[in-house]
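Asks: One predicted model, sequence on top.
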2 protein chains.
Amino acid sequence: MKKTEAHQRNLDERESSILRALVYDYIITGKAVGSRSFVQKYSFSISPATMRNVMFDLEVMGFLIQPHTSAGRIPTDKGYRFYVDSLLDTYDFTLNEDFVVNEDQIKRELQLDKVFTSITRMLATISQYAGIMLTPRPDFAVVKRVELVPLDVNEILFILVTRTGIVINKKVFISGSVTQDDLYNYSKFLSSELCGFDLREIRDSIFNNLRSVSGMGENKAMALDIAQLALGEHKGPEIFIDGIENLLRIPEMVEETRLNSLLNIIEEKNLLREILEHSMDSPGVQTMIGNEIPEAKVAGCSLVTSSYKIGNRNVGALGVIGPTRMDYEKVVPLVDYTGRVVSDFLTKMSK
Amino acid sequence: MKKTEAHQRNLDERESSILRALVYDYIITGKAVGSRSFVQKYSFSISPATMRNVMFDLEVMGFLIQPHTSAGRIPTDKGYRFYVDSLLDTYDFTLNEDFVVNEDQIKRELQLDKVFTSITRMLATISQYAGIMLTPRPDFAVVKRVELVPLDVNEILFILVTRTGIVINKKVFISGSVTQDDLYNYSKFLSSELCGFDLREIRDSIFNNLRSVSGMGENKAMALDIAQLALGEHKGPEIFIDGIENLLRIPEMVEETRLNSLLNIIEEKNLLREILEHSMDSPGVQTMIGNEIPEAKVAGCSLVTSSYKIGNRNVGALGVIGPTRMDYEKVVPLVDYTGRVVSDFLTKMSK
DNA sequence: ATTAGCACTCAGGTATAATGAGTGCTAATA
DNA sequence: TATTAGCACTCATTATACCTGAGTGCTAAT
């Protein structure tokens, strides 16, 4: 049977456990796995020759590959995929690391940014790879309060506080001039009308609804103009990365070719953003292994991500970047758990 | 004469020009410079033998070193230092790169952060090394306006706008409760009293002065409490880094040992902060070559920095990190020029 | 003070061989 | 029919030796 004609069938019990063990071993050692020592090390009760036969089959099916003739086998992306999937079926979500978000402390921090920074750092530190985080979609941020502050004769600072405690501020330039007392009234008006709605609703319908109310005063129209101007161009969610150093400590990542694909990922944050935005739409943990990462000529990198929620609406995503030879067994629960913690936290904050 | 007893004397004209040319050549080629080809390449009218003698002297004086016997010479840190210093005497501050800060556009951006990000990126892109920037000391930020916004029953958002357009906001927790109208009045009071002073003055004396005014009402005391609480713990300036990828593209930086010292620098931003804060106190461009970087077991890295000003007060610093074998001739004017541009810009903003 | 000449050094490249962990295949076995 | 022992073969890696060329320091002549 030629290796190239990849038969597709389900793996039997023995093949599964061998494949799992092999991927595991490669993740740990980083060296191609050969039949003899492998049988010994994991006390398989078959001979090396049989092991070779099994390995051959697994290679035919596309789970393994030989770096060169007369070398042991290493997993393909498909091999890792099998490993991760069978892992996901069974893994234990409790985590031993002491990994506590001090909520009290965080509540005192206005800058939710700092929370994001520290979550990202935590992901990096615990995983020993690189941590990434996409901040919550501003679209779904629910308004708690609006405030207008005069800056200059025709310059206004528009301040919006969300329920989660994020402060958005934006300069607005107007043609006419308004008094400070005017602004004070505008603020009251906007706060009462916009409070409780999210930014998308506001943009899509609330503004129109308010304007269509008959008998609206000159003043209120002005207030709406300002708010609409400020909320007009909405900047997308931001992306945080931390722990690239960790990746540089992995020998295989520093090799000529790998380094470049790594730099590509990091440099073009937009790619990462798209991936995270996409993974935001699905619940739970997702993994992208090697070539599964779309549109990136990335080799040797994997991505473990999880979306996170406010209430029951997915608003952001976070995860870990590492080599395909990543300690999934540790990283997958970590990312999952972190996603839950962040969801809980943000949900609590927004009440 | 033994090489170890380093004679110290001034270099004569010929020695100087040879040293300069040698450092230059090494910066360009990255290869140890040997007598024969060097004499040819730069058309020195002396023989290779004489060149060897000169080189020997320069080595004795500590400007050069041989990686191994029978190799050419490369500069020591001291060699680079000589090169940079003699460069600084003569270099031309005009820069050919098209390097324009679009002020109009920036003025519309509230987030001065973005300006810092883009300056840092610019430094990295043009130099092809890594760019760094220390944001202006908040201490010297001059208050333009203060605003208090109620967030919750005993939670207030303190907003301070500086003349340069930076917005500082901070949550304050109070024990009693205040009405929205109270806060409106507090805001007016604080704005009028604090406007025009910088944060340090305010902390050091203004607060006390105001309190000592006899017959101060209950209300004003409360307003001052809030402001003092908000300004109590002042976060230091932030540090921006960009272009680490560039450093990873330099082969000699990726070598085992170098990589580590590089990671050390980047990881421990506090070290960088201290260095930049220190360089902030001196005017103009400064260079730190290899071991001159204090307290860092850093080899092979250099730092070119410049302070920048608002008015005539130094408030921050920026610069470039690269290998000791850095294109100083290009980087030094770049950093200098950028420092001036940033100074001009911030000064203009604060008027 | 400068230079030509010469013996010496040494990193880096190339050729060759030895090593050993691995394979695929075949024939015997349970 | 699935498993295993045996064997010839492969090939990355390592070791060894050798060569080359760009470089040096030193000395004696200019």
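Replies: Nice, thanks for sending it over.

Asks: A:Gly232: neighbour count?
Replies: Burial measure for A:Gly232: 10 neighbouring residues, criterion other Cβ atoms under 10 Å in any protein chain shown. No exception for glycine: its C-beta is placed from N, CA and C like everyone else's.

Asks: same check, this time on the one 4 residues further on
Replies: Residues lying near A:Gly236 (other Cβ under 10 Å) number 13.

Asks: could you point out which element follows the one helix or strand A:Thr50 maps to?
Replies: In this assignment (DSSP states H and E), A:Thr50 forms part of helix A:48-60. Counting by DSSP H and E, the element after helix A:48-60 in chain order, helix or strand, is strand A:64-65.

Asks: Relative to the whole chain's centre, how far out is that next one?
Replies: Its chain's C-alpha centre and that of strand A:64-65 lie 29 Å apart, by Cα atoms, centre = their mean, to the nearest Å.

Asks: For the helix or strand following that strand, give me every contacting residue.
Replies: As assigned by DSSP H and E, the chain's next helix or strand after strand A:64-65 is strand A:74-75. Strand A:74-75 is contacted from outside by A:Leu22, A:Val23, A:Tyr26, A:Ala32, A:Val33, A:Phe63, A:Leu64, A:Ile65, A:Gln66, A:Pro67, A:Tyr83, using Cβ atoms under 8 Å, 6 or more residues apart in numbering or on different chains.

Asks: Which neighbours in the sheet does strand A:74-75 have, and how are they oriented?
Replies: Paired neighbours of strand A:74-75 in the sheet (DSSP bridges): strand A:64-65 (antiparallel).

Asks: Could you dump the contacts of strand A:74-75 into CSV and include neighbour count and pLDDT?
Replies: Putting these into CSV (neighbours: other Cβ atoms under 10 Å in any protein chain shown; pLDDT from 0 to 100) gives the following:
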residue, neighbour count, pLDDT
A:Leu22, 25, 94
A:Val23, 25, 92
A:Tyr26, 22, 91
A:Ala32, 16, 91
A:Val33, 24, 94
A:Phe63, 26, 94
A:Leu64, 26, 94
A:Ile65, 17, 93
A:Gln66, 15, 92
A:Pro67, 10, 88
A:Tyr83, 24, 90
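
Asks: of those residues, list those near DNA strand D.
Replies: Restricting those to those adjacent to DNA strand D (criterion: Cβ under 7 Å from any atom of the strand) gives A:Pro67.

Asks: Switch the contacts of strand A:74-75 over to a markdown table; also include distance to A:Gly322.
Replies: A markdown table is the format used below for the contacts of strand A:74-75 (distance: Cβ to Cβ, whole Å):
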| residue | distance to A:Gly322 |
| --- | --- |
| A:Leu22 | 19 |
| A:Val23 | 15 |
| A:Tyr26 | 14 |
| A:Ala32 | 20 |
| A:Val33 | 20 |
| A:Phe63 | 20 |
| A:Leu64 | 21 |
| A:Ile65 | 20 |
| A:Gln66 | 24 |
| A:Pro67 | 20 |
| A:Tyr83 | 14 |
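
Asks: Which single residue of the stretch 1-150 of chain A ends up nearest DNA strand D?
Replies: Using Cβ to the nearest atom of the strand, the closest approach of the stretch 1-150 of chain A to DNA strand D is made by A:Ser70 at 2.6 Å.

Asks: phi, psi of that residue?
Replies: With angles defined as degrees, to the nearest 10, A:Ser70 sits at phi 70, psi 20.

Asks: Smallest distance to DNA strand C belongs to which residue of the stretch 101-250 of chain A?
Replies: Nearest residue of the stretch 101-250 of chain A to DNA strand C, counting by Cβ to the nearest atom of the strand: A:Ile250, 21.6 Å away.

Asks: Okay, and the beta partners of the nearest residue to that residue once chain neighbours are set aside?
Replies: Spatial nearest neighbour of A:Ile250, excluding adjacent residues (Cβ to Cβ, 6 or more residues apart in numbering or on different chains): A:Pro323 at 5.7 Å. Beta-bridge pairing for A:Pro323 (DSSP bridges): A:Cys301.

Asks: isn't A:Pro323 right up against A:Pro251?
Replies: No. Look at A:Pro323 against A:Pro251 with Cβ atoms under 8 Å: they stay out of range, at 9.9 Å.

Asks: which residues of the stretch 201-350 of chain A fall in helices?
Replies: Using DSSP state H, counting those that start in this stretch, the helices of the stretch 201-350 of chain A run over A:207-212, A:218-232, A:244-248, A:251-254, A:256-267, A:269-280, A:328-349.

Asks: hey, least reliable of those by pLDDT?
Replies: The minimum mean pLDDT among these belongs to helix A:256-267 (a mean of 68).

Asks: Backbone dihedrals for the closest residue to A:Pro237 other than its chain neighbours, both of them.
Replies: Excluding the flanking residues, the one nearest A:Pro237 by Cβ to Cβ, 6+ apart is A:Thr135, at 4.5 Å. The phi/psi pair for A:Thr135 (degrees, to the nearest 10) reads phi -70, psi 160.

Asks: Let's see the pLDDT reported for A:Thr135.
Replies: 91.

Asks: A:Glu13 versus that one, what's the distance?
Replies: Here the criterion is Cβ to Cβ, to the nearest Å. By it, A:Thr135 lies 45 Å from A:Glu13.

Asks: In the stretch 101-250 of chain A, mark out all the strands, start to finish.
Replies: Assigned by DSSP state E, counting those that start in this stretch, the stretch 101-250 of chain A shows strands spanning A:130-134, A:143-152, A:155-162, A:167-173, A:239-242.

Asks: Show me the one of these that comes nearest B:Ser205.
Replies: For the strands of the stretch 101-250 of chain A, the distance to B:Ser205 is smallest for strand A:143-152, at 26.3 Å, taking Cβ to Cβ.

Asks: hmm, that closest one in reach of chain B?
Replies: Yes. Judged by Cβ under 8 Å from any Cβ of the partner chain, strand A:143-152 comes into contact with chain B at A:Lys144, A:Arg145, A:Glu147, A:Val149, A:Pro150, A:Leu151.

Asks: gap between the fifth one and B:Gly311?
Replies: Okay, so that is A:Pro150. 25 Å.

Asks: between those two, who's got more neighbours?
Replies: Between A:Pro150 and B:Gly311, counted using other Cβ under 10 Å, the more crowded position is A:Pro150 (20 against 13).

Asks: low-scoring stretches of the stretch 101-250 of chain A, by residue?
Replies: Low-confidence segments of the stretch 101-250 of chain A (pLDDT under 70): A:101-112, A:214-216, A:234.

Asks: can you do 50?
Replies: A:105 (pLDDT under 50).

Asks: picking that back up, which one of A:Pro323 and A:Pro251 has more residues nearby?
Replies: Set A:Pro323 next to A:Pro251 and count neighbours by other Cβ under 10 Å: A:Pro323 wins out with 20 against 11.

Asks: ok, back up a step: I'd like to know how far the residue nearest to A:Pro237 sits from B:Thr120.
Replies: Distance, A:Thr135 to B:Thr120, by Cβ to Cβ: 20 Å.
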